[in-house]
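1. Take a look and give me a structure for this.
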Amino acid sequence: MSWGNLIKPWVSLAKGSSETLKEFFRPPVTRRYPEEPADLSSRWRGPLRLRGIMDDQPPPVTDATPEEFNGLMQELHATNKVAPCMGGCPANVDARGQNALAAAGRAAEAYDLVRRRNILPGVLGYVCNNPCEDVCRRSYFEEPLAIRQLHRHCYEMYDREVRSADTTGGYLRKRHTRPESVAIIGAGPAGLATSFDLLQMGYRVTIHEREELPGGLLATGIPPYRLDRGVLSTEIQDLRHMGVQMELGVNVGQDITMRELREQHDAVVVAVGYSGGRVLPLPGADAAGVWSALDFLRQYCLGLGCQLGRRIVVVGGGDVGCDCSRSALRCGATHSIQATLEAPEEMPAQKIESEGAREEGVEFMHSWGPDSILTEKGSVAGIRLKKVASRFDQQGNWNPQFTGESRDVSCDAVIFAVGQSLQLGFLQEEDVKMDDHGRPIVDRATGECNVPGLFFAGDIATGPATIIIAMGQAHETALSVHRHIQGRGLRQDRKAPVHPPSYYLKKLYAASPMELMEPSNRRIHMPESDPQERRHSSEQVELGWTEDEARHESIRCMRCQTHYCVACTLCARVCPDNCIDVQAHDTGYERRVSRYDFFMEWCCFCGLCQDICPTQSLTLAPSFDYVSSSRKHFFYDRSQMVRPSPRKDLIQDKDGKP
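-> Here you go, the predicted structure:
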């Protein structure tokens, strides 16, 4: 035996004794799972306390008039009672209240609740981009709640239980309680939302719409296989029953001037949106067979006929591009190609849109951009594409660069889905200040411009955006119109809409494999029609839910920020010391707590259970809380909070591979 081997154990003992003596004179420390030890004073947060258990508490709902809504939201935010889904919605739609009512079998009431902020719940139940689902806390562990599809189900139940019982619309009829009137230009989502609020405030409202049917791009830009036109017509008819007057087929600036509207009404709201199409100024872009996306979709949606040919190329990777490539197949094309500057994972289109297009046979050419249109005798013969090297410069600005590699694709038509434009010729007689791009300078928060009594709502105030963003802004414009007519300051004592900070609305998608999720916790996916059959039809892609399916999905809602425990068991699942045991019983429409055990002697007081609690019913005893810190410091990534599931071992093969 060497001297080194004899001395080594004694050296180790000496080092260990030295560390023990050092620790003996140091203050106590605790571990903050899963990180390294931290000083006690900066993390130890006291024992757990459960302050409320769901029993027969009615679901909290945001039931307020347009004038009072923002104030109510501020109160809820001040008491930490704004759910992420509601705060993450541009219009602050009460998805939590909808889910609770639907789970209790009160879907018709849920529809009315949603309509306070989303004035077309049925329509958005088909086509909303659902930002509420992006921040749903269900996605900590499973898939987010299907809030958009629940909108559709609640519409169907309301249609069956309420509308069918009163075909006169008496259930919605409102009386004009004020003598003043407001003119709205545009019957799209923003114009309809503005009219809805003003009607509730008692004003007389007249909408002037250029098309022969209301709905704006909902009617002329969204394909019927995505949006049932009967649903759109029914919900707009509800507004007519309320008392809104609609002048259809009226082109403001020709059939009636802005000056006449200003003289006849106490305020005018412009809500025309970005209704013009765009075509890139490339060589050959003036050839027959070149379309803008909005011009093509208008022809298709209104059934005006669109002879495209057999091979079609769509340029653009957004939702509108997918709408065009899928609609081209329904117009008789046998081969639909979609060229996008983006790689597959970078496409701005919703996943449901891009996947639907792939299922129907659309061919995607990713990372290719347009160079020129190939023509023959004045018509489209093909398109030359060039390979994308990068889309942004070093400063992060949009500046696509190409490699020099090119490819010619033969086709009969090219559709550009590359953006939209404003059509504001009717504003020429007004002294509205414009920016360098020809857009009105508008205060997005209030909808006001430099001309008193003239307001803007929706996309024209925010820039091209989504339907729900247009509605959310329109509610603010309606409030500004009311304050203007009543002679009140537009900003005086006015509360802004509530949208919690970004850390509170962090996007959380589950990384857990589907096979590790409990079947009862999985999202109910709405069934769809067969791709090979629907690609030649305008019938609906999504087929709807049964009542049982909708109710099961609504039960998945965890009632975030209600301050009442609903036995979701998330606290037990993240506890590093296994000191929490939750048992629940199922009432048939809700999970409720039957037992909640907390073993304090095992607890390391890390506070992760409080951080992840969706209802915020868990707190740490204030008498033990020695540190005051911003709550955002107590939020962690899911990967830091969750222990590896022991069930993973059950699905590994003999080599240890999943």
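
2. doesn't G87 make contact with D134?
-> No: the pair D134 and G87 does not pass the contact test of CB atoms under 8 Å, sitting 11.7 Å apart. No exception for glycine: its C-beta is placed from N, CA and C like everyone else's.

3. Neighbour count for the two, which is higher?
-> Set side by side, D134 and G87 show unequal neighbour counts under other CB atoms under 10 Å, the larger going to G87 at 22 against 17.

4. I'd say the more buried one and C560 touch.
-> No: under the criterion of CB under 8 Å, G87 is not in contact with C560, lying 9.7 Å apart.

5. how about the nearest residue to the spatially most central residue of the chain, chain neighbours excluded?
-> Centroid-nearest residue in the chain: P131, 1.7 Å away (criterion: CA atoms, centre = their mean). Using CB to CB, 6 or more residues apart in numbering and skipping the chain neighbours, the partner closest in space to P131 is G88 (5.5 Å).

6. C132 too?
-> Residue nearest to C132 in three dimensions, not counting chain neighbours: C85, with 4.0 Å by CB to CB, 6+ apart.

7. Please save the CA atoms from the helix or strand containing that neighbour in CSV.
-> Under the assignment given by DSSP states H and E, the secondary-structure element containing C85 is helix 84-87. Once non-C-alpha atoms are left out, helix 84-87 reads as follows in CSV (Å, rounded to 0.1, in the frame of the first residue of the first chain):
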residue,chain,number,x,y,z
PRO,A,84,-54.8,34.8,-17.2
CYS,A,85,-57.2,33.9,-19.9
MET,A,86,-59.2,37.1,-19.3
GLY,A,87,-56.2,39.3,-18.8
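
8. how far does it sit from the chain's center?
-> In terms of CA atoms, centre = their mean, to the nearest Å, the centre of helix 84-87 is found 10 Å from the chain centre.

9. just stretch 82-89 next, same as before
-> Here the centre of mass of C-alpha atoms in stretch 82-89, compared against the chain's by CA atoms, centre = their mean, lies 10 Å away.

10. measure that stretch end to end?
-> 11 Å (CA to CA, to the nearest Å).

11. Residues in contact with it: which ones?
-> When contacts are taken as CB atoms under 8 Å, 6 or more residues apart in numbering, the neighbours of stretch 82-89 outside the stretch itself are 62, 73, 76-77, 92-96, 117, 131-137, 145, 147, 468, 472, 498-500, 504-505, 559-562.

12. PyMOL command for the buried members of those residues?
-> Selecting only the buried members of the contacts of stretch 82-89 in PyMOL, with burial defined as 16 or more other CB atoms under 10 Å, works like this:
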select buried, resi 62+73+76+77+92+93+94+95+96+117+131+132+133+134+135+136+137+145+147+468+472+498+499+500+504+505+559+560+561+562
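
13. check contacts around the residue nearest to S480 when sequence neighbours are not counted.
-> With sequence-adjacent residues excluded and distances taken as CB to CB, 6+ apart, S480 is closest to T446, at 4.4 Å. Contact criterion CB under 8 Å, 6+ apart gives 455, 476-477, 480, 490-491 as the residues in contact with T446.

14. same thing with Q616?
-> 80, 560-563.

15. Look up how far S594 lies from it.
-> Taking CB to CB, to the nearest Å as the criterion, Q616 is separated from S594 by 21 Å.

16. helices or strands up against the helix or strand harbouring I468?
-> Assignment of secondary structure by DSSP H and E places I468 within helix 467-485. Contacting helix 467-485 under the criterion 3 or more CB pairs under 8 Å, 6 or more residues apart in numbering; DSSP states H and E are the following elements: helix 121-127, helix 189-200, strand 267-270, strand 454-456, helix 459-462.

17. The following helix or strand past the longest one relative to helix 189-200, how many degrees between them?
-> Note on helix 189-200: by DSSP H and E, the next helix or strand toward the C-terminus is strand 204-209. Following axes from the mean of the first three to the mean of the last three CA atoms, to 10 degrees, one obtains 170 degrees for the angle between strand 204-209 and helix 189-200.

18. Okay, buried residues for strand 204-209 please.
-> By neighbour count, and taking 16+ other CB under 10 Å as the criterion, the buried residues in strand 204-209 are 204-209.

19. mind exporting it as CSV, just the C-alpha atoms?
-> Listed in CSV are the C-alpha atoms of strand 204-209, where the atom choice follows Å, rounded to 0.1, in the frame of the first residue of the first chain:
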residue,chain,number,x,y,z
ARG,A,204,-79.2,55.8,-31.8
VAL,A,205,-76.7,54.1,-34.1
THR,A,206,-76.6,53.9,-37.9
ILE,A,207,-74.0,51.8,-39.7
HIS,A,208,-73.1,52.6,-43.3
GLU,A,209,-71.6,49.6,-45.2
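
20. Beyond that strand, next helix or strand please.
-> Taking DSSP H and E as the definition, the helix or strand that follows strand 204-209 towards the C-terminus is helix 217-220.

21. Pull the distance from that next one to the chain's centre.
-> So, by CA atoms, centre = their mean, the centroid of helix 217-220 is 19 Å from its chain's centroid.

22. Can you name the element that comes right after that helix?
-> Next helix or strand after helix 217-220 toward the C-terminus (DSSP H and E): helix 229-242.
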